[in-house]
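K.L.:
No letters, just coordinates:
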């Protein structure tokens, strides 16, 4: 007990104490009522009470039973995917039932104070893997998500060209962040697996790393296995976790790497000097891997670490400012000074300052961006500027607001899904203040905790951006980062409300609603299950045999890297299976929608074709059968972007049929390919 700080914990404190056993190297919790507050003390992993440390069977608790229950939920969701492919109306019902069967029983168990630490970790892995399988069962044999095909192109470039940084017209910046593709290629070459199989293994292992890294980070901060496990569980309810973060894309690997770096950084702060050598080695390896994997993830992590570092140095001044403000309020209103706030600032804090990691991250990120990936600046700046500008116009009444839970064809999600989505947002906004109040009352202090608090407070403000068609993606991307802090704050708040059956049941209901609401708000209702073809609907347009066969034909009979123009969906397949050089606005070659959507081939259209060196055009007549579900047929910037009122007219495509310089040499019924090389021989007159 000599290693424990000499302090008295208040009776109102709601946390957990960890005390060393006399005859065991392991630690376990002996009270649900308090936690060690001196965060500068060397860290020891907690165990929960009433579980015999020496009995590994009882330590696993209900893990085997709940794993079996989770498998039932996964089986139901697999059946829902099959039903969706057959266009059965009852498919969504069993999908949601399976999701709840997977998630809710484990959530209920984790909210109880009894489970041991190892059971909690095991249950988190089960639910994390189960939610990963939701995406895998959606597209189990080939990629059907837009970002996946883009990164598959980068991976095949590396495989075919045997060097890095080859051009990718679908997303040029991805070539400068090949961490995911390098890892995939290594596994594919060592095992003989396909890129799809190797990539699935990489993302699957990254999901497990993310779950464990977040748990260990939360455990360091909260000193509680229970709060840590609940924090990770709540994080899984964010709107990107189930589908977006499980796809073959660079963020799916980068985010687990960032979580690992955060864990290492926190461990360095709370570890004695003799234990930091190994942590430093791991930090350098993880940092190098992150820098070459994803730009935005590394930038957000740098920002978080810098804020943490600034708060460490500014905390004494913040304390003076807060105290002065309280005194001023007391003088004006005669309201008693809030002793909780004063006591919070007086609680013990870190002794090792987190300065090395933020500075190293900042220098390394800037160095990689400037030296190898300068294209990133323009790539990230353009949507950021557009989003903020359009959002400002919307506030001034000049822009168009985004209608939540609706696609761009006018269809809306079922009423109950809309209700659950709004309820989930309300629960998050309700539980964040509860968590902040519990943090204040229990004096869970420290600069890192304050950084988490600030990030949690920023989360609601960012969500307002979802109301704008251009700015919603900014909110979506930032939300999964900020939700780390939100999850920890909510977990502390829900645990702080008590352990009665009523509160455990209420908390389980809350997080289950957050999962359902996060999925309904963060992933379109038409994209959660496979189904019939939809116009310009990404995965629902990609999961189609005719488009894949046309792209495979192109890859066999058209020379690779030929200049080709097409719509948003077919260009992905022509650029991957077809191995063509796709003309895109994002690669700086111009917006080919101008050629496709005009009623005639005039001098402007022919000049565009000539200057771009465009050789082939792929036309999908299915685009004339409906409005684009995602708001665009080709690219942002096309006429009537996000505000299409009528489908494309067949005449806009028929204009090529009567042109002598356009030779049709492929026709599958819906998809027609023209050779327009004759238009590039001489400039139009």
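P.N.:
Yes, it's here. These numbers come from a predicted model, not from an experiment.
K.L.:
Skipping its backbone neighbours, what lies nearest residue 540 in space?
P.N.:
residue 534 (4.2 Å; C-beta to C-beta, 6 or more residues apart in numbering). Bear in mind the C-beta positions are built from the backbone N, C-alpha and C, glycine included.
K.L.:
Against residue 569, how distant is that neighbour?
P.N.:
10 Å (C-beta to C-beta, to the nearest Å).
K.L.:
Ok, residue 223 next?
P.N.:
For residue 223 relative to residue 569 (C-beta to C-beta), the value is 50 Å.
K.L.:
Common neighbours of residue 534 and residue 569, please.
P.N.:
residue 541 (C-beta atoms under 8 Å, 6 or more residues apart in numbering).
K.L.:
Find me the pLDDT at residue 14, would you?
P.N.:
In this model, residue 14 is scored at 37, pLDDT.
K.L.:
nope, residue 114 is what I meant
P.N.:
91.
K.L.:
Now do the SS call for it.
P.N.:
Using DSSP: H, G, I helix; E, B strand; the rest coil, the structure places residue 114 in coil.
K.L.:
Let me know whether it touches residue 61 as I believe.
P.N.:
Yes - Residue 114 is in contact with residue 61 according to C-beta atoms under 8 Å; the separation is 7.5 Å.
K.L.:
More neighbours: which of those two?
P.N.:
residue 61 (21 against 15; other C-beta atoms under 10 Å).
K.L.:
residues contacting the more buried one?
P.N.:
Contacts of residue 61 by C-beta under 8 Å, 6+ apart are 51, 109, 114, 115, 116, 119.
K.L.:
before we move on, which element is it in?
P.N.:
Residue 61 is part of no helix or strand, with elements assigned from DSSP states H and E.
K.L.:
quick revisit: residue 534 and residue 569: which has the busier surroundings?
P.N.:
When residue 534 is set against residue 569 and neighbours are counted by other C-beta under 10 Å, the residue ahead is residue 569, at 29 against 23.
K.L.:
got a list of what residue 604 touches?
P.N.:
Applying C-beta under 8 Å, 6+ apart to residue 604 gives the contacts 594, 598.
K.L.:
After the helix or strand where it lies, which helix or strand is next? Please name it.
P.N.:
For residue 604, the element it lies in under DSSP H and E is helix 603-612. Next along the chain after helix 603-612, taking DSSP H and E as the criterion, comes strand 616-620.
K.L.:
how far does whichever helix or strand comes after that next one sit from the chain's center?
P.N.:
For strand 616-620, the succeeding helix or strand toward the C-terminus, using DSSP H and E, is helix 651-654. Centroid separation between helix 651-654 and its chain, computed with C-alpha atoms, centre = their mean, to the nearest Å, is 39 Å.
K.L.:
quick one, helices of the stretch 351-500 of the chain?
P.N.:
Ranges of helices in the stretch 351-500 of the chain, per DSSP state H, counting those that start in this stretch, are 356-371, 375-395, 415-441, 447-463, 472-496.
K.L.:
can I get those in a markdown table with mean pLDDT, mean neighbour count and distance to residue 290?
P.N.:
What follows is the helices of the stretch 351-500 of the chain, written out as a markdown table (pLDDT from 0 to 100; neighbours: other C-beta atoms under 10 Å; distance: least, C-beta to C-beta, whole Å):
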| stretch | mean pLDDT | mean neighbour count | distance to residue 290 |
| --- | --- | --- | --- |
| helix 356-371 | 88 | 16 | 9 |
| helix 375-395 | 77 | 15 | 14 |
| helix 415-441 | 90 | 18 | 28 |
| helix 447-463 | 89 | 20 | 19 |
| helix 472-496 | 89 | 23 | 13 |
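K.L.:
So for residue 616, which of these sits nearest?
P.N.:
helix 375-395 (26.1 Å; C-beta to C-beta).
K.L.:
Which neighbouring elements make contact with the closest one?
P.N.:
Counting contacts by 3 or more C-beta pairs under 8 Å, 6 or more residues apart in numbering; DSSP states H and E, helix 375-395 packs against helix 295-333, helix 472-496.
K.L.:
Now tell me which helix or strand of the chain has the poorest mean pLDDT.
P.N.:
strand 27-31 (a mean of 34; mean pLDDT, DSSP states H and E).
K.L.:
shaky segments in the protein?
P.N.:
Within the chain, the set of residues satisfying pLDDT under 70 comprises 1-58, 326, 330, 334-353, 397-402, 443, 445, 468-471, 543-544.
K.L.:
Roughly how far does the closest residue to residue 683 other than its chain neighbours sit from residue 325?
P.N.:
Leaving aside its sequence neighbours, residue 683 sits nearest to residue 610 (C-beta to C-beta, 6+ apart; 5.3 Å). To residue 325, residue 610 is 67 Å away according to C-beta to C-beta.
K.L.:
and what of residue 299?
P.N.:
For residue 299, the distance to residue 325 - C-beta to C-beta - is 33 Å.
K.L.:
Check residue 504 too.
P.N.:
Distance of residue 504 to residue 325, given as C-beta to C-beta: 38 Å.
K.L.:
do the same with residue 685
P.N.:
Taking C-beta to C-beta, one finds residue 685 at 75 Å from residue 325.
K.L.:
Can you name the residues that contact the closest residue to residue 485 other than its chain neighbours?
P.N.:
In space, and not counting its chain neighbours, residue 485 is closest to residue 455: 3.5 Å by C-beta to C-beta, 6+ apart. By C-beta under 8 Å, 6+ apart, the contact list for residue 455 reads 304, 482, 484, 485, 486.
K.L.:
Can you lay out the helices and strands packed on helix 375-395 as a markdown table showing distance to residue 283?
P.N.:
Below are those laid out as a markdown table (distance: least, C-beta to C-beta, whole Å):
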| stretch | distance to residue 283 |
| --- | --- |
| helix 295-333 | 11 |
| helix 472-496 | 18 |
